[in-house]
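Asker: from the sequence below, what's the structure:
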Amino acid sequence: MNPADASLPADPMNELLSLGRELGREQLDLAILGEGNVSVRTGADTFLVKASGRNLRSLGPDGLVECRQSVLLKMLDQPGATDAQIESNLYDSRVDPGAPKPSVEAVFHALLLDLPRVRFVGHTHGVAVNAILCSPRAEQFARERIFPDEIVCCGPSSVFVPYVDPGLPLAVAIRDRTHAWMRAQRDDRAPPRVILLASHGLITLGPTRDAVLAAMLMASKAARIWLAAAALDGPVTLPPSEVRRIASRADEEYRRRALNI
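Answerer: Residues are numbered from 1 along each chain as shown. Sure thing, here's the model as predicted:
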């Protein structure tokens, strides 16, 4: 954990439960059954993440498990680990040996929570977003922007990750694609707000619960607009110069601060 990122949420468990339950609301079409997961940093080497198989909509304290980040990050250097080895490492990462098994995607949560200014991570399988991510135009949706508020909440572009087997292979791919995206932005202190996983779902990350929720909801809204515009020979995307302008405007940064995103 970078010393510059030492501040932590005041009430991490309750904020995480609130985020998880909101993302799990049936009306949002983001997650059903045991889909999706959420996480929050709790210390220099610890974070809370949803336990495997728990439902976001009804998430309670017993559906969270605190993990040691360092144990999971070491797995990124073992891409050839067997399923049994991965399972063993997931259990070994628990702060409380009696806690439930962490989600298999806890590895990418450990990775993303290590990025500058990231304290919360959310992951869902939204219907509208997946309609695009399961199509040949998925990477276009990640690369381009179609309206200003999408830029404000989701950033100038999203990281795109082609389909990879969920678990450790996916975490490795997310690491490589995210670092490449940050190098392309020429700012290693500015992580992405949205990561799109082909034929799988989306991840949003940020300094606050509100930032993760705003990016998730806006990405879903953007997907619905994108799909409707595609039916009318669109969408019409914003020129890169306009995207850069909106992303860096002082008034938009003021609005982000006011919205806690």
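Asker: ok, Gly20 to Gly126 distance?
Answerer: According to C-beta to C-beta, to the nearest Å, Gly20 stands 15 Å off from Gly126. For glycine as for every other residue, the C-beta is placed from the backbone atoms N, C-alpha and C.
Asker: neighbour count: the two, which is higher?
Answerer: Gly20 (27 against 24; other C-beta atoms under 10 Å).
Asker: where's the more buried one, which helix or strand?
Answerer: Counting by DSSP states H and E, the element that carries Gly20 is helix 12-23.
Asker: and the angle for the helix or strand just after that helix with helix 12-23?
Answerer: Where DSSP H and E defines the elements, the next helix or strand beyond helix 12-23 is strand 37-41. Following axes from the mean of the first three to the mean of the last three C-alpha atoms, to 10 degrees, one obtains 150 degrees for the angle between strand 37-41 and helix 12-23.
Asker: which secondary structure elements does strand 37-41 sit against?
Answerer: Applying 3 or more C-beta pairs under 8 Å, 6 or more residues apart in numbering; DSSP states H and E, one finds that strand 37-41 contacts helix 12-23, strand 46-50, helix 106-112, strand 120-124.
Asker: would you mark the buried spots in the helix holding Gly20?
Answerer: Across helix 12-23, burial judged by 16 or more other C-beta atoms under 10 Å covers 12, 15-17, 19-23.
Asker: and it, how far out from the chain middle?
Answerer: Its chain's average C-alpha position is 14 Å from that of helix 12-23, according to C-alpha atoms, centre = their mean, to the nearest Å.
Asker: got it, and stretch 194-208?
Answerer: Taking mean C-alpha positions (C-alpha atoms, centre = their mean), stretch 194-208 and its chain are 4 Å apart.
Asker: include mean pLDDT and distance to Ser157 when you put the helices and strands packed on strand 37-41 into CSV, please.
Answerer: Listed next are the helices and strands packed on strand 37-41 as CSV, based on pLDDT from 0 to 100; distance: least, C-beta to C-beta, whole Å:
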stretch, mean pLDDT, distance to Ser157
helix 12-23, 98, 22
strand 46-50, 98, 26
helix 106-112, 98, 17
strand 120-124, 98, 19
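Asker: tell me which of those sits nearest to Ala184.
Answerer: Nearest to Ala184, of all those, is helix 106-112, at 17.6 Å by C-beta to C-beta.
Asker: which strands and helices lie in contact with the closest one?
Answerer: Using 3+ C-beta pairs under 8 Å, 6+ apart, helix 106-112 is in contact with strand 37-41, strand 46-50, helix 69-73, strand 120-124, helix 168-185, strand 201-206.
Asker: which one of the ones you listed lies closest to Glu144?
Answerer: helix 168-185 (14.3 Å).
Asker: list of residues touching that closest one?
Answerer: The contact list for helix 168-185 (C-beta atoms under 8 Å, 6 or more residues apart in numbering) reads 75-76, 78-79, 81, 86, 105, 107-108, 111-112, 115, 156-157, 159-162, 164, 188, 190-192, 195, 197, 200, 203.
Asker: the residues you listed in strands, which ones?
Answerer: Applying DSSP state E to the contacts of helix 168-185, the entries found in strands are 159-161, 195, 197, 203.
Asker: nearest to Gly60 among these?
Answerer: Nearest to Gly60 out of the ones in strands among the contacts of helix 168-185 is Ile203 (C-beta to C-beta; 22.9 Å).
Asker: need the contact list for the residue nearest to that closest one when sequence neighbours are not counted.
Answerer: Distances taken as C-beta to C-beta, 6 or more residues apart in numbering put Ile195 closest to Ile203, at 4.1 Å, once the chain neighbours are dropped. By C-beta under 8 Å, 6+ apart, Ile195 lies in contact with 112, 158-159, 161, 174, 177-178, 202-205.
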